[in-house]
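> Got a predicted structure here, sequence first:
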Amino acid sequence: MRKRLRFLIVLSITVVIFVLACSSPPLEPTVTEIPEPTPVPTATAISEPTVVATPTQIPPPTLTPTPTVVPTPTVVPTPTVVPTPTVVPTPTVVPTPTVAPTPTAVPTPTVAPTKTPTVVDFESGSLSFEDNWGRESRYGSTVSWEPVESDGECHNNSDFSAEHLSHTGRKNIESIFGKMADDVVLSDIKAIKRLKFQRDIIFENDNFGLGVPDYYRPYLDSYEGLEYLTCLQWLDLHYLTYGRDHRFLSSLSELTYLNLKGFTDFENIDLLTPMTNLETLMLPAGFKSMPDLVKLNSLKRIDARGSRSCQIESVLEMPNLETLLIGSYYATDSDYQSFLQAEGSDRKFDISLSPSGKYLQLLIPGGSEAFNQELDSEEPGIGWNNKEYMIGLVQSIYGLVDDHYDEIVFVGNAEESSASYVGTSEQVSNNSGGLGAPVWSAASCFGSNGNLRGLISLPTKNNLIQEYPYDIDWPSDYDGVLIHESLHLWGGGDLLPRIESWDGSISGGHWAVTSANGILGGFDLNTLETIVFVEESTQLTYMRQPNGTIISVPDEKTADGFVYRTAYFDTVGSFGLLPMSPLELYMLGVLPADQLPDTVVFKGVSETNPDHSCEDYGYESWDGRCFRAEEQYTVSVEDIIQIFGERPYEGEIEVAILVVAVSETPLTGTDWSLLDEKIAWNAQTSDNGIEANNVWEASGGKVRFVFPPAEGR
């Protein structure tokens, strides 16, 4: 029994030992039994061997030196090469540039552009752009334009009231809505989404048999009434121009399309800033304020053909802009296009210093005649009317002289000229506000840093100053046009919001039929009299005869307005070198605003006869000027400031001028002496001893022409 018990005990112990032996872990393995995974280049780059499917997928860098060792961004994204984000949870799994053998092996990903590059189009120049962008066909029918959905409250922005309209305003409203002004309600304003103004001929012959679209309207008699159309989304003003007061545009905040191509006086972009949905803008040829377009962030399409600035870089960065047309518009090249053409030209200019170093000499075939050739010349390749030529020429001039001139004046070395003008000018920049002309600059196109205000061409030396043997008693027997052309570089007659010429056409650049009475034209207010008029109390028509007697005349004598008479004057410039008018002094910044008198202006001007004489009313042909007008009114300095802002007062100014003599052959000593004499007269700052005013005398000593020597470099 005891033996049996001992046997069982021994057997149990043996079983326990066997079981423990089977369940115990094996002895610790050596390093050679489980080796390190050698295919992984570095521990920091790939922390777990399981990230790489097999050692052959990412070989050691020393074995494969080609760019495929570190895949490019186009190779890495494939799922078979780089594991999904769940497999590589941290950025350290993807090698940084420091892991790559060379910087070119792992290029930095290119950042996507913030906007689609703007298409700059120089070639396109047909009216089809106006048709396509406006979504109307060449034949006037609507193609696909549809109004944009809005909140429906745009009509509540209009403060329309028929009782506040003038007679002209009533006519305009009735033409737009096709009903009496008193019957127009806000729902009518809400319904007007699209308008295009056209000449009467379109309506008289049913648009040449094609039918008149329902959004066409005849030209209005003024801008009055347009400010009430607050729901308009599409507007083409065509050639509807009634002066430079365009403030009605700021009320049209719903516009998405605005065609101002024929609206030739428009310059003020600030008036368009309320148009936050404006996508398409067609600008008039000659538009100057290109950098101001960046204020209109919603724009997608801009037609700036024929524009006057090289500063388009900021425009191209506009966030939504898709297309910029900036080539030629008919015969008018844009400054930017001409600048690029000049940059690519190999044209050479024969320019040199005068013997005294005071002036420059430009030698060209044909001399002054070629330089001042007309626009329709058979050889327009050189001279004043070729913008590319002038840009290249002035750039070459700045290679010889310093950039401290306000004006560059080209003077023909000739006694007479066949040119149609005695002087012409081209504004290049303006840094003075309140002039009717915008603050703008194309000086960089011409090689100036901004100092150059403009260019002037005088076909002959006599255009600087010459004595004329007039047959009648003018205030002066001398004349010269340097002051006249310089005034154009400060804005000219654009300072008055609306002026009319003899035939009633809207004028600009000169004072026309107004009492400005200056070097740029206008009459003497002290000589104005009404010689055919309607007496208010009797409503009868009378005429004042030369001897002062008043007689009754038929009513039809005033059918086209009263008849007015003044002393002899011209609408585009006065004869003789007369004193500057207060308007011209204010324009130059040498007359304070509070000293500027009112100016008498007329509307509905028409001719009494082709010579504008008063012969029909008993006067001699040379005795005064006569014209008809429907309305006489005054423009105050407050009116000017309200529209254009105030011209800053400068007290006195000095205008620096560079003279370039233009000739076919080198000037002789006599030629230079005569030029010297005429320049000295214009620069004089004391009584010159003759009955003619140079700029210092004409301005009362407030303006001086100075002629710094050309030798600057």
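Yep, that arrived.
> what's the neighbour count on residue 313?
Neighbour count for residue 313, taken as other C-beta atoms under 10 Å: 9. Bear in mind the C-beta positions are built from the backbone N, C-alpha and C, glycine included.
> Phi first, then psi, for it.
Main-chain dihedrals, residue 313, degrees, to the nearest 10: phi -60, psi -50.
> So for stretch 627-636, first residue to last residue, what's the gap.
Using C-alpha to C-alpha, to the nearest Å, one end of stretch 627-636 lies 23 Å from the other.
> residues in contact with that stretch?
Stretch 627-636 is touched from outside by 496-497, 502, 513, 560-564, 598-608, 612, with contacts defined as C-beta atoms under 8 Å, 6 or more residues apart in numbering.
> can you rerun that using 6 Å?
Residues from elsewhere that reach stretch 627-636 (C-beta atoms under 6 Å, 6 or more residues apart in numbering): 496, 560-561, 563-564, 598-606.
> what's the most distant pair in the residues you listed?
Greatest spacing in the contacts of stretch 627-636, by C-beta to C-beta: 560 and 598 (25.6 Å).
> thinking again about what came up before, just the contacts of stretch 627-636: which are in strands?
563, 564, 599, 600, 601, 602, 603, 606 (DSSP state E).
> Please name the nearest non-neighbouring residue to the first one.
So that's residue 563. residue 532 (3.6 Å; C-beta to C-beta, 6 or more residues apart in numbering).
> Can you pull the phi/psi pair for that neighbour?
phi -130, psi 120.
> and the closest residue to residue 580 other than its chain neighbours, how far is that from residue 498?
Nearest residue to residue 580 in three dimensions, chain neighbours excluded: residue 698, at 4.8 Å (C-beta to C-beta, 6+ apart). Residue 698 sits 26 Å away from residue 498, taking C-beta to C-beta, to the nearest Å as the criterion.
> Same question for residue 116.
Counting by C-beta to C-beta, the gap from residue 116 to residue 498 is 42 Å.
> who has more neighbours, these two?
Taking neighbours as other C-beta under 10 Å, residue 116 and residue 498 compare with residue 498 leading, 23 against 9.
> so what's that one up against?
residue 243.
> hmm, try it at 8 Å
242, 243, 244, 245, 506, 601, 603.
> is it fair to say the second one lies in a helix?
When you say that, I think you mean residue 243. No: counting by DSSP: H, G, I helix; E, B strand; the rest coil, one finds residue 243 to be coil, located in no helix.
> That one: neighbouring residues, count only.
19.
> shaky segments in the stretch 101-250 of the chain?
By pLDDT under 70, the weakly predicted segments of the stretch 101-250 of the chain are 101-115, 124-131, 137-144.
> which parts of stretch 153-165 are buried?
154, 155, 158, 160, 165 (16 or more other C-beta atoms under 10 Å).
> Need the three-state assignment for the second one.
What it means is residue 155. helix.
> For the nearest residue to it once chain neighbours are set aside, give me its contacts.
Closest residue to residue 155 apart from its sequence neighbours, by C-beta to C-beta, 6+ apart: residue 190 at 3.9 Å. Residue 190 is in contact with 152, 154, 155, 231, counting by C-beta under 8 Å, 6+ apart.
> With distance to residue 400 added, can I get the residues you listed in CSV?
Shown next, in CSV, are the contacts of residue 190 (distance: C-beta to C-beta, whole Å):
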residue, distance to residue 400
152, 65
154, 58
155, 62
231, 58
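> Of all pairs in the residues you listed, which one spans the longest distance?
152 and 231 (9.2 Å).
> So for the two, which residue has more residues nearby?
Using other C-beta under 10 Å, the more surrounded residue of residue 152 and residue 231 is residue 231, with 25 against 9.
> Kindly confirm my reading that the more buried one is in a strand.
No: counting by three-state DSSP, residue 231 falls outside a strand, being coil.
> Check whether it really touches residue 254, as I assumed.
Yes: Residue 231 lies in contact with residue 254 (C-beta atoms under 8 Å); the separation is 5.8 Å.
> okay, and the common contacts of these two?
With C-beta under 8 Å, 6+ apart, residue 231 and residue 254 have common neighbours 150, 154.
> State the distance from residue 577 to residue 519.
8 Å.
> scratch that, residue 215 is what I was asking about
Applying C-beta to C-beta to residue 215 and residue 519 gives a distance of 45 Å.
> which of the two has more neighbours?
residue 519 (26 against 17).
> ok, now which ones touch that one?
Taking C-beta under 8 Å, 6+ apart, one finds 483, 484, 487, 573, 574, 578, 580, 581, 584, 698 in contact with residue 519.
> for residue 387, same thing?
Residue 387 touches 333, 335, 338, counting by C-beta under 8 Å, 6+ apart.
> and these, which are buried?
Judged by 16+ other C-beta under 10 Å, buried ones among the contacts of residue 387: 333, 335, 338.
> Give the rounded mean pLDDT of stretch 561-579.
Stretch 561-579 shows a mean pLDDT of 90.
> can you check stretch 520-538 too?
93.
> quick one: it to chain centroid distance?
39 Å (C-alpha atoms, centre = their mean, to the nearest Å).
> Stretch 704-711 now?
31 Å.
> now swap in stretch 650-659 and tell me
26 Å.
> Mind listing what's buried along it?
655, 657, 658, 659.
> Turn the residues you listed into a markdown table, including pLDDT and secondary structure.
Below are the buried residues of stretch 650-659 laid out as a markdown table (pLDDT from 0 to 100; DSSP: H, G, I helix; E, B strand; the rest coil):
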| residue | pLDDT | secondary structure |
| --- | --- | --- |
| 655 | 98 | strand |
| 657 | 98 | strand |
| 658 | 98 | strand |
| 659 | 98 | strand |
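> Adding distance to residue 415, write those out as CSV.
Putting these into CSV (distance: C-beta to C-beta, whole Å) gives the following:
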residue, distance to residue 415
655, 27
657, 22
658, 23
659, 17
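> Now do the contacts for the closest residue in space to residue 663 that isn't next to it in sequence.
Once flanking residues are discounted, residue 663 sits nearest to residue 413: 3.8 Å by C-beta to C-beta, 6+ apart. The contact partners of residue 413, by C-beta under 8 Å, 6+ apart, come to 367, 368, 461, 661, 662, 663, 667, 671, 675.
> how deep is the fourth one tucked in, by neighbour count?
Close neighbours of residue 661, defined as other C-beta under 10 Å, add up to 22.
> What of the second one?
Counted with other C-beta under 10 Å, the burial measure for residue 368 works out to 28 neighbours.
> same thing with the first one?
Neighbours of residue 367 under the rule other C-beta under 10 Å: 17.
> nearest residue to it other than its sequence neighbours?
Residue 367's closest residue in space is residue 664 (C-beta to C-beta, 6+ apart), at 3.4 Å.
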